[in-house]
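> coordinates only, no sequence provided:
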């Protein structure tokens, strides 16, 4: 695609057709062979081949053909061949095609006339066009609308040429007269588009004359009207009022595309509350009426933009936005909740939470495959509401506790974390939450959820009845002791070939055990991966969830059980006057701990207990045998204080983020209050009045002239060539959401005209080239602006000068972002690209090094400040950022202070794409040394 052309065809270079074969096929009488030969010729020419002797053959044998397909291919062929010589003059043989084109324009068949007129839209040679002008103009009065509409496009293209106004002097008047009489919607639209592009005053005059008829015009025409309004209002802001009325009238148009464009135009032109409210309402209606998920996501993006700039208006629309949750698509649901959570106020929080509760209850039906994930994001949204507005917690906490036994572990985990936070922040709900948790504990199926629930039971069971219920619940869920019989252990030792734990079934020794009352029973060991039905043990109590998890080898949970029992027994000593009862509880807790240790050291399970869990349980046993006041204080008070401090740190981080966002606000304490009731109305509508007030305010505060930092702009200019080179080039680099744009200024420093000047771009890494700029002719000492939409990191110029490299700095397109610990861990496990950078720095302090890395990489530290305090010689922190392309960048810094005072360790970077991981790694390697 070296040449500028409207055609791009895939070409298989493996089997190119020979010029002789093409020539023979064209000279024959077989029409299908002629068509294939023309297609081959066009593909060869498009891919850089030259077929110099083919033109005369085509003039002799193809030009006279009456076949429509052959005629269309002939026009494509004529479009791509060179029609000028090296000096820019039209080749003499091109005169041969002029007569053929004139004949086509007067052909009795409408199709031939239409495709020829379309071809003329892409022709730039004035010498070829000039003799055809009368024929082109006569087609504007043809009976067929297809010919008329293509005729108008041809007139517009010719009028836009450098000498077009001399060729078609009275074209705007002719088109304006045409517009008044034309009935075909497409032809009318093309005529209005021609006036819009070539004679804007006439287009405006026509629009304002027919302003009452605009709602009845066709969709295509209405779209051009909106484009015209945008263009006019940008250049002449004073006339916005009369055009905004037209936009408002089009908001009720039957076409969704027109309505969407209306809303967008309204937002771009006016800041008046009435206009913004109308646009937001339109977006919400489209959100419900459109079935395409991509359209819904785009509409949510528009609403999100409105939320940033007009939050007070969007707050009133919150329930309309929430209706988008009816879509079964998870991305739409997630985006909707993100918007809604930032619009919650004390006035609407109850309504929002009620809707979210209904949605949570709907997920129990199990009809949709992603119900678990949807429930998880709903729970997170309710959690967020309850933290911001504690008064709503009481209405949701008990409903959510029903989901502690959810099969979706992530969802259940979110519930238990929510409960843990609410029980601390809402003391009034403590008793009811503890009671409910003890009642539903046996339903919990996941080890992580059990661990967190046990911690809550250990910390918040305060009264005598609660402590006794807590101990009793744990004992029931552990089942009868011991966890295995001696005979089972012997059998396990004998038959090591047969694994004891098969998936999700109850394994029995099949040997009867004599019970205390003289009856027989089968001793069972139940394992859990995906749960089997609860199995009756000893004929009485169903095997509990804790027992199943322990017999599956989860000894970390065993350590948590031991710690919880220890806390409960220590608290029982404070609230139970009877020493006998305390001793009973203490001995039964010790028996459970010893049984867990015996199970961990037996050969019944394939893996023995890990050292950490063993030490933790052993510590609990020693503590219960010899409790002291200092130890009791640590277990019953210090642990709780640490948790409170963690919540305070989290709250502090959130407050700082809100303060940072609030600083961006445009409103200042001494801002002008405009009393628009005192303003001269001059017959203006309420909307026009509001709009004018907003414009006055913007003018007064300098918002119209506010621009990006000019110094920052200068930093983005990259010089590509030297000052002594014949061509000087520099590029201004802009990083957008989906691409990188190079705005290249090229200056011809010589006294000669440079022809076929081509800027060629080459990419490095996994980035892609979007388009290739075309050839240009540059006059002596003249300049040219070339825009290139690319995804690139390197540039070279092929013909004249070798250009300097352009390095796109990663700092330009990543920004600090926040995500939860659970989300960070999930992404860390999923992302496949990792870059490991060894620490090499002259900085001696761990905290100072972390701060230096955060500043150098423009990332956000997710690890709480309290976790980074102290002086232990070790430090680990997680950093997070998001790129403008929506990619996540995760960094884990782990460092240790050596005996000589130097820092040692690794910085690990993970991302979904290779580019981010490598670029961030290079940046860290370059900057981590520190110092001046």
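Received the coordinates, thanks. Owing to the predicted nature of the structure, the values given are computational and were not obtained by experimental measurement.
> please name the residues that touch residue 462.
Counting by Cβ atoms under 8 Å, 6 or more residues apart in numbering, residue 462 touches 430, 571, 575. From N, CA and C alone the C-beta is placed, and that goes for glycine too.
> I'd like those residues laid out as TSV, including distance to residue 415, secondary structure and pLDDT.
Formatted as TSV, the contacts of residue 462 follow (distance: Cβ to Cβ, whole Å; DSSP: H, G, I helix; E, B strand; the rest coil; pLDDT from 0 to 100):
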residue	distance to residue 415	secondary structure	pLDDT
430	17	helix	88
571	25	helix	90
575	29	helix	86
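> which residues does the helix ranked longest in the chain contact?
For the chain, the helix with the greatest residue count under DSSP state H is helix 639-663. Residues outside helix 639-663 that contact it (Cβ under 8 Å, 6+ apart): 421, 424-425, 459, 567, 818, 864-866.
> those residues, buried ones only, as a PyMOL selection?
Paste this into PyMOL to select the buried members of the contacts of helix 639-663, with burial taken from 16 or more other Cβ atoms under 10 Å:
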select buried, resi 421+424+459+567+864
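> what mean pLDDT would you report for the longest helix of the chain?
Averaged across helix 639-663, the pLDDT comes to 80.
> going forward, the N-terminal residue is numbered 341.
Happy to do that; since the first residue is 341 now, the last one works out to helix 979-1003.
> tell me which helix or strand in the chain has the weakest average pLDDT.
Within the chain, judged by mean pLDDT, DSSP states H and E, the helix or strand with the poorest mean is strand 876-877; its value is a mean of 33.
> shaky segments in this structure?
Along the chain, the parts satisfying pLDDT under 70 run over 341-357, 706-709, 826-883, 1001-1053, 1075-1079, 1103-1114, 1129-1152, 1270-1272.
> swap the cut-off to 50 and go again
Along the chain, segments meeting pLDDT under 50 span 341-342, 835-854, 857-882, 1005, 1044-1048, 1132-1140, 1272.
> quick check, central residue of it?
Centroid-nearest residue in the chain, with Cα atoms, centre = their mean: residue 1226, separated by 4.7 Å.
> ok so it is a helix residue?
No: assignment of residue 1226 by DSSP: H, G, I helix; E, B strand; the rest coil gives coil, placing it outside any helix.
> re the thing from before, out of the contacts of residue 802, which one sits closest to residue 489?
Within the contacts of residue 802, the smallest distance to residue 489 is 74.9 Å, found for residue 770 (Cβ to Cβ).
> wait, the closest one touches residue 763, no?
Yes: assessed by Cβ atoms under 8 Å, residue 770 is found in contact with residue 763 at 5.6 Å.
> so what sits against both of these two?
The contact sets of residue 770 and residue 763 overlap at residue 800 (Cβ under 8 Å, 6+ apart).
> those two: which is more packed in?
A count of neighbours by other Cβ atoms under 10 Å puts residue 763 above the other of residue 770 and residue 763, at 21 against 16.
> could you count how many residues lie near residue 1240?
7.
> what do you get for residue 1119?
11.
> repeat for residue 785
19.
> tell me which helix or strand it sits in.
Taking DSSP states H and E as the definition, one finds residue 785 inside no helix or strand.
> that one against residue 892, yeah?
No: under the criterion of Cβ under 8 Å, residue 785 is not in contact with residue 892, lying 11.4 Å apart.
> what about residue 747, distance to residue 420?
62 Å (Cβ to Cβ, to the nearest Å).
> compare these two (neighbour count), which wins?
residue 420 (17 against 13).
> for that one, grab phi and psi.
phi -90, psi -10 (degrees, to the nearest 10).
> residue 384 is in contact with that one, correct?
No: between residue 420 and residue 384 there is no contact under Cβ under 8 Å: 10.3 Å.
> number of residues surrounding residue 998?
Neighbour tally, residue 998, other Cβ under 10 Å: 10.
> how far away is it from residue 728?
Following Cβ to Cβ, the distance that separates residue 998 from residue 728 is 10 Å.
> ditto for residue 804
Remark: distance between residue 804 and residue 728 (Cβ to Cβ) = 35 Å.
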